[in-house]
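**Q** fold the following for me, if possible:
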Amino acid sequence: MRQLPRSLDPLPDESLPGFLLRLSCRLEQAPAEIAAVTGLVPGRIMGSGLLLAIPAAVIGPFSTAARLSPGESRSLTLSSLGGRYPPLDLAAGGRTRQAQGATGLIRWVFTGSSRYCPECLSASGAPAGSLYGGSWRRTWRLPVTVACERHGRLLEHLCPECRAPAHDTARAGLIPRPGDVLHPAQCRAPGPHARKVSSRLRLACGARLDDAAVSSGRRPASRAVLTLQKRLSSMFGLSEAPAEGGYGREEVSRRLQDLRAVGCLITMTWPLARPFMPADPVLAAAFDRHVAGQQEDIEKRRRQGHRVHALALYDTPPLDAAACAGLLLAADALLRTEPARGDIGALVTAAYPASALGTFFEDIRGFCTAGLRDTISAEMSRLHPPDQRGAISHLRKKPAAAKPARDGWTSYHLRHGHLVVRPQGDCRFDHRHVPQHLPGSWAASHFSGADGIYPRHLHITAAVRLVQMSSGGSHAAAGEKLGIPHRTVTAAVHSVRVWTRDLDNSLRFTAAVRAFADQLNASDCLTDYANRRARLAGWIIPPSEWKQAAAQIAAATGLSQARAASERRRRLFSVLAWAAATSGDPLLAPLVLTEPRGAGLLRQDLSQVRYQARARPGQTAASLAMVAQDYGASLGRAADAAAAAHSRLAE
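**A** Sure, this is the predicted structure:
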């Protein structure tokens, strides 16, 4: 590997991206080009993993080409801080591992962006400061570094011009825009007002992050923040000062896990822990914005139907140094004083309804200090006694109770994660008395103005829940009893599940289903919809009766003329009459489900007649729907009478 014609000595605490940016500026070559010619990467794509460690096979050639010693090259990466900061404790191969077995601790490293101090980047007074600037420090990537002790200020994280995070590598790279030659202190994010040079590329923002304009809006760090920063830097070996209290590596790891656990509880239950945050409006306001942004992001993802791991967001410290400083100060106040243990218990109580809290605590409880572990364990045991946790309890083991025998259908749906419920036992009705499509008055009284949900899905899911309340079983089994295909049930149930992630929607839907169940329980004469569906399974209106119905449709008031009584319209009329007789979904009528070629045409006719009946109430479609409704009502009564007569004969 050939040496570069010129190089630079690493600055104190300099990161690998910062070194490459300064070298790029000096050699007037793009960072990607320098990374390629020094053997750092085989091509021009620099992965973000280089921020943590340089692979062993690469460090020798890179050191030779960059005129560095192997030790100097290793000092540019975050892994050199892993001796006392657990999230940077790396495996021999350079890949991150779960520190001492604890999960998710890598969230306590900012690999996608960096904080910075404008005064440090300006490197005022340094020999080459005016040319290449100061050091992009490794410790700025760590959440526990919130302030610059030298300049007495909180760190920044946004560009003052475009408001993008500094060194934002959302596309998993080591340096944003690695093909551009810019000053190390210039913003490399796409400029908000920059001219586009192509349909895909936009010029960099280019604002100087070390400019005096940034310093004029500086946020001074309070005495409490600087004291905490000094203590954390000493504890985690981020400064030259000796470790606070002489803590060993294991004790330091446990104290970081304490900060993490309590910080997660504070974020989940905010503003419950506000009294423990210093009376600094800048810190409190910044943390308020952070929590509000998290909640907005969670709700947005849920509305879009995505699965949201909210606890992972709560477990991620804020990038904004002011918000993170407030969080660390509040967590430190709760951990340092013994009387605050009761307040930690109060946070556990407030956060306990979150379903993943127990799993999160079980993952990290073995890595916390004994005092915090005992406090949280005692509070969780009080909230959920061991007798209620049964065989999965970590506080009290007992033999698992014998599982009841399951039929093949139930076992199948449990294996596939479907909802299988037991009957409630207070239902005077069963699946025979549940209609596929609940009456319009029910939907109007409970879901008037409901947004974000297809009404048909509400009706199908409500009918399925009613059958489950009376008979138990999975939603697929309930749908089969109602004559609803499996795919239709699955799509409707999933849609309603996503919609009811909103608490208000969940309460509204539950109340609506319970109200209809109460209506069925209070009825003295239940309609046997299953009998009606069975008797009308292959039904179509006879030709003679269809002629009479067609004449009645044509004679409706306000119609100047009507089309001939075609076979296509006869089938449409039969579907609408079937739906009226069975209180069923027209799209689930036997004629629609069984007709191999005409189903698509019949579905189209159904959509058109329902639209035309609403939009043009004086036209043929409205008259056809009205006559079919009356005919279907008499058809249903006839089916009930036939069933009653058959029952009397059987007796």
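
**Q** so residue 36 is in which element?
**A** Taking DSSP states H and E as the criterion, the element that holds residue 36 is helix 31-37.

**Q** and that helix, what's buried?
**A** Residues of helix 31-37 classed as buried by neighbour count (16 or more other C-beta atoms under 10 Å): 31, 32, 34, 35, 36. The way it works is simple: take the backbone N, C-alpha and C, and place the C-beta from them, glycine included.

**Q** and the strands in the stretch 451-600 of the chain, which stretches?
**A** Under the criterion DSSP state E, counting those that start in this stretch, the stretch 451-600 of the chain contains strands at 473-474.

**Q** please apply the same query to the chain.
**A** Ranges of strands in the chain, per DSSP state E, are 147-148, 153-154, 420-421, 473-474.

**Q** rank these by mean pLDDT and give me the bottom one.
**A** Mean pLDDT across the strands of the chain is lowest at strand 420-421; the value there is a mean of 48.

**Q** pLDDT wise, what is residue 271 at?
**A** On pLDDT, residue 271 comes in at 83.

**Q** need the contact list for it.
**A** Each residue near residue 271 by C-beta atoms under 8 Å, 6 or more residues apart in numbering is listed here: residue 288.

**Q** distance check, residue 76 against residue 529.
**A** For residue 76, the distance to residue 529 equals 74 Å [C-beta to C-beta, to the nearest Å].

**Q** ok so, going back, residue 160: which of the buried residues of helix 31-37 is nearest?
**A** Taking C-beta to C-beta as the measure, residue 160 lies nearest residue 31 of these, at 22.9 Å.

**Q** surely the closest one meets residue 21?
**A** Yes: between residue 31 and residue 21 a contact is recorded at 6.3 Å, counting by C-beta atoms under 8 Å.

**Q** ok, and the closest non-adjacent residue to residue 319?
**A** Spatial nearest neighbour of residue 319, excluding adjacent residues (C-beta to C-beta, 6 or more residues apart in numbering): residue 157 at 5.1 Å.

**Q** got the contact list for the one you found?
**A** Counting by C-beta under 8 Å, 6+ apart, residue 157 has contacts 113, 114, 115, 116, 165, 166, 319, 320, 321.

**Q** ChimeraX command to pick out the buried ones of the residues you listed?
**A** One line in ChimeraX is enough to select the buried members of the contacts of residue 157, burial here meaning 16+ other C-beta under 10 Å:
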select :113,114,115,116,165,166,319,320,321
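
**Q** nearest to residue 350, of the contacts of residue 157?
**A** For the contacts of residue 157, the nearest to residue 350 is residue 320 (23.9 Å; C-beta to C-beta).

**Q** which residues touch the closest one?
**A** Residue 320 makes contact with 157, 286, 289, 290 under the criterion C-beta under 8 Å, 6+ apart.

**Q** then residue 588?
**A** By C-beta under 8 Å, 6+ apart, the residues touching residue 588 are 436, 483, 484, 485, 488.

**Q** out of the residues you listed, which two sit at the greatest distance?
**A** 436 and 485 (11.4 Å).

**Q** tell me, what's touching residue 31 and residue 21 both at once?
**A** residue 175.

**Q** returning to that earlier point: of the contacts of residue 588, keep whichever come out buried.
**A** Neighbour counting with 16+ other C-beta under 10 Å marks 436, 483, 484, 488 as buried within the contacts of residue 588.

**Q** any chance of those residues in JSON lines, with pLDDT and distance to residue 344 too?
**A** Formatted as JSON lines, the buried ones among the contacts of residue 588 follow (pLDDT from 0 to 100; distance: C-beta to C-beta, whole Å):
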{"residue": "436", "pLDDT": "90", "distance to residue 344": "52"}
{"residue": "483", "pLDDT": "90", "distance to residue 344": "55"}
{"residue": "484", "pLDDT": "91", "distance to residue 344": "50"}
{"residue": "488", "pLDDT": "90", "distance to residue 344": "49"}
